[in-house]
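Asker: need coordinates for the following:
(one chain, ligands or ions: 3)
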Amino acid sequence: MVEFRNPISVSEAIALVQAEACRLGSEIVSLDEAYGRILAHPLTAAHDVPSFDRSPYDGYAIRAKDSAGASGDNRVSFQVVDHIGAGAVSGRKLGRGEAIRIMTGAQLPEGADAVVMLEQTQEAAAPAGVPVDVPADGESPFSLMGDSQQEGSSQGGLTQIGSTPAVPASFTIRKAFVSGENISFRGEDMREGEEILPAGSLILPGTIALLATFGHQQVEVSKLPLVGILATGTELLEPGAPLEAGKIRNSNGPMIAAQLRRMGVPHRVYAAAADRLDDMLDTVKQALAECDCLITTGGVSVGDFDLLPQVYEQLGANVLFNKVAMRPGSVTTVAVLDGRYLFGLSGNPSACYTGFELFARPALLRMMGAQRIYPLRTRAILGEDFGKANPFTRFIRAVYDGQTVRPAGFNKSNAVSSIGRSNALLVLPGGTRGFKTGDSVNVLLPGMEEGSAVWDL
Ligand SMILES: Nc1nc2c(c(=O)[nH]1)N[C@H]1C(S)=C(S)[C@@H](COP(=O)(O)OP(=O)(O)OC[C@H]3O[C@@H](n4cnc5c(N)ncnc54)[C@H](O)[C@@H]3O)O[C@H]1N2
Ligand code: MOO
Ligand SMILES: [Mg+2]
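Answerer: Ligands and ions are numbered 1, 2, ... in the order given. Below is the predicted model of the structure:
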């Protein structure tokens, strides 16, 4: 007699899987290896950023009060007493009517409280041979230039030093500046001690920038699970083999390997198993001894050679569910043994793909302590009619272009073409039928680097 299976909802199934997640430990990796990993601890600002007041523009640092009363009719003049680029620090303290030519990113000199952009100034005609104090240590002014460049030559009121651009000896402005104008303040980006990212954040390129900013050459991240992949089915040939009567090439194994790679998780491939219970049991035992989790494909339905249910039974694994109210992938089975997941994904390629993204990926991310474990969801306009009934929630491989979503062609559970063409999963809820062009629908985006913290379908 064929076994009757009781389908549970996708949300229930996800919750059951999540409840079994065992956290992996952490390890230290170099900054260079940290991209794509999960932060084991919150990232806290080790110091203010920026760590000094600095100029956000190429211009002149001035004392705002010296610009009081400036207007088009009453231009106020400043004497240039130093010249610094980013990385240099002026030794000068600004006096009345003095300015320091300062480039973007350079530390604001003492006494300065505003920056005038170059475009807001007019060079004042000055006599040749502008007086500029050059301290003995050569640090400043014009401290960015090497010794060989220290010799200035004056051209029509501008000081030309080496190959650097002309620096006027003085300039005028036509507007008054307020204290703090055009200053990038110490700590305006991040304050020392502030939590910038919580533990469980995915390390993205921006996170790498943060880690580098605070001088972390190493970072503590969650360990990665090692995932075993076992494709089952007597009909399976490896991708390199010529086709034979009644056989197909194993496409699920390489696909799952790529789905794991997309999330940065390592895997170990076990040779595809024929539908023989003893062999399969041996391989599954070996994989569970070597890996943190095992993903199988095929052999989970009610067929005579669908042996995974017997494998779970003989192992004494706790089967969380073996039927989900979804299509494709209704036969998706998840079991747990000694804290290790056994994902029994369907053999049908589209069902296998969907089962991985809905159940395996979030569970693996939870093992790593990640925060955003579910596929990102958006709403889109259905680009074509979908007349079929949806007794179960339907996950249709689809093409999403940022606005509309369309099924990606032949879309049965056994389809490979639609997985290959899709970049999204269009979701139509169970118990519905007759979706029309223009309807607003849910779309999951499993290809996104980072997903959502919630499952809200
Ligand atoms: N009487 C019933 N028959 C079926 C039911 C059912 O409820 N009652 N469920 C159907 C559904 S739904 C699905 S999905 C499939 C699931 O089958 P299995 O998970 O047991 O997978 P297999 O039987 O091993 O294979 C199914 C299909 O997929 C092909 N396959 C298998 N492995 C691979 C692979 N690695 N790469 C590419 N293709 C693969 C296999 O050749 C079969 O065509 O069962 C329905 N039947
Ligand atoms: O599990 Mo099957 O994929 O619903 O067609
Ligand atoms: Mg089967």
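
Asker: who are the contact partners of the residue of the stretch 51-200 of the chain found nearest ligand 3?
Answerer: Closest to ligand 3 within the stretch 51-200 of the chain is residue 200: 37.3 Å, counting by Cβ to the ion. To be clear about C-beta, it is placed using only N, CA and C from the backbone, and glycine gets the same treatment. Residue 200 is in contact with 38-39, 369-371, counting by Cβ atoms under 8 Å, 6 or more residues apart in numbering.

Asker: would you reformat these as TSV and include neighbour count and distance to ligand 3?
Answerer: Below are the contacts of residue 200 laid out as TSV (neighbours: other Cβ atoms under 10 Å; distance: Cβ to the ion, whole Å):
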residue	neighbour count	distance to ligand 3
38	23	35
39	24	41
369	21	35
370	23	32
371	18	36
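
Asker: can you list which of those are found in helices?
Answerer: In helices, defined here by DSSP state H, there are no members of these.

Asker: in JSON lines: these, plus pLDDT.
Answerer: Output for the contacts of residue 200, formatted as JSON lines (pLDDT from 0 to 100):
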{"residue": "38", "pLDDT": "98"}
{"residue": "39", "pLDDT": "98"}
{"residue": "369", "pLDDT": "96"}
{"residue": "370", "pLDDT": "97"}
{"residue": "371", "pLDDT": "96"}
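
Asker: could you find the closest non-adjacent residue to the residue in the chain positioned nearest to ligand 1?
Answerer: Relative to ligand 1, the nearest point of the chain is residue 347 (2.5 Å; Cβ to the nearest ligand atom). Of all residues not flanking residue 347 in the chain, residue 298 sits nearest, at 3.1 Å (Cβ to Cβ, 6 or more residues apart in numbering).

Asker: quick check: longest helix of this protein.
Answerer: The chain, longest helix under DSSP H: helix 277-290.

Asker: still on that earlier bit, surely the residue nearest to residue 347 touches residue 232?
Answerer: Yes - contact criterion Cβ atoms under 8 Å: residue 298 and residue 232 qualify, at 4.3 Å.

Asker: what do those two both touch?
Answerer: 308, 347.

Asker: in the chain, where is pLDDT below threshold?
Answerer: 125-165 (pLDDT under 70).

Asker: kindly report the residues of it close to ligand 2.
Answerer: Proximity of the chain to ligand 2, by Cβ under 6 Å from any ligand atom, involves residues 327-331, 346, 348, 351, 413.

Asker: just the helices in the chain please.
Answerer: Under DSSP H, the chain gives helices at 10-19, 205-213, 252-262, 277-290, 308-315, 349-355, 361-367, 417-421.

Asker: most neighbours per residue, which of these?
Answerer: Mean neighbour count (mean count of other Cβ atoms under 10 Å) peaks for helix 349-355 among the helices of the chain, with a mean of 28.

Asker: quick one: distance of that helix to the chain centre.
Answerer: Centre-to-centre, helix 349-355 and its host chain are 24 Å apart (Cα atoms, centre = their mean, to the nearest Å).

Asker: when you give positions from now on, start the count at 837
Answerer: Understood, numbering begins at 837; the last thing we discussed is helix 1185-1191.

Asker: report the beta-bridge partners for the residue nearest to residue 1077 when sequence neighbours are not counted.
Answerer: Once flanking residues are discounted, residue 1077 sits nearest to residue 1085: 7.0 Å by Cβ to Cβ, 6+ apart. Note on residue 1085: beta-bridge partners by DSSP bridges are residue 1073.

Asker: what number of residues lie near the residue nearest to residue 1185 when sequence neighbours are not counted?
Answerer: Nearest in space to residue 1185, with sequence neighbours left out and distances taken as Cβ to Cβ, 6+ apart, is residue 1252 at 4.9 Å. Residue 1252 has 18 neighbouring residues, counting by other Cβ atoms under 10 Å.

Asker: tell me who's in contact with residue 1252.
Answerer: 1087, 1185-1186.

Asker: looking at these, which is nearest residue 1278?
Answerer: Set against residue 1278, the nearest of the contacts of residue 1252 by Cβ to Cβ is residue 1186 (17.9 Å).

Asker: relative to residue 1251, how far out is the closest one?
Answerer: From residue 1186 over to residue 1251 the distance is 5 Å, taken as Cβ to Cβ, to the nearest Å.

Asker: likewise residue 872?
Answerer: 30 Å.

Asker: neighbour-wise, which of those two wins?
Answerer: residue 1251 (21 against 17).

Asker: could you list every residue that touches that one?
Answerer: Here residue 1251 is in contact with 1185-1186, 1233, 1245 (criterion: Cβ under 8 Å, 6+ apart).

Asker: centre-most residue in this protein?
Answerer: Residue closest to the average C-alpha location in the chain (Cα atoms, centre = their mean): residue 1040, at 3.8 Å.

Asker: would you confirm that that one contacts residue 1208?
Answerer: No - look at residue 1040 against residue 1208 with Cβ under 8 Å: they stay out of range, at 11.0 Å.

Asker: quickly list what's touching both of those two.
Answerer: With Cβ under 8 Å, 6+ apart, residue 1040 and residue 1208 have common neighbours residue 1286.

Asker: and the residue nearest to residue 1077, what is it in contact with?
Answerer: Contacts of residue 1085 (Cβ under 8 Å, 6+ apart): 1072-1075, 1077, 1079.

Asker: in the stretch 987-1136 of the chain, which residue sits nearest ligand 3?
Answerer: Closest point on the stretch 987-1136 of the chain to ligand 3, by Cβ to the ion, is residue 1135, at 5.9 Å.
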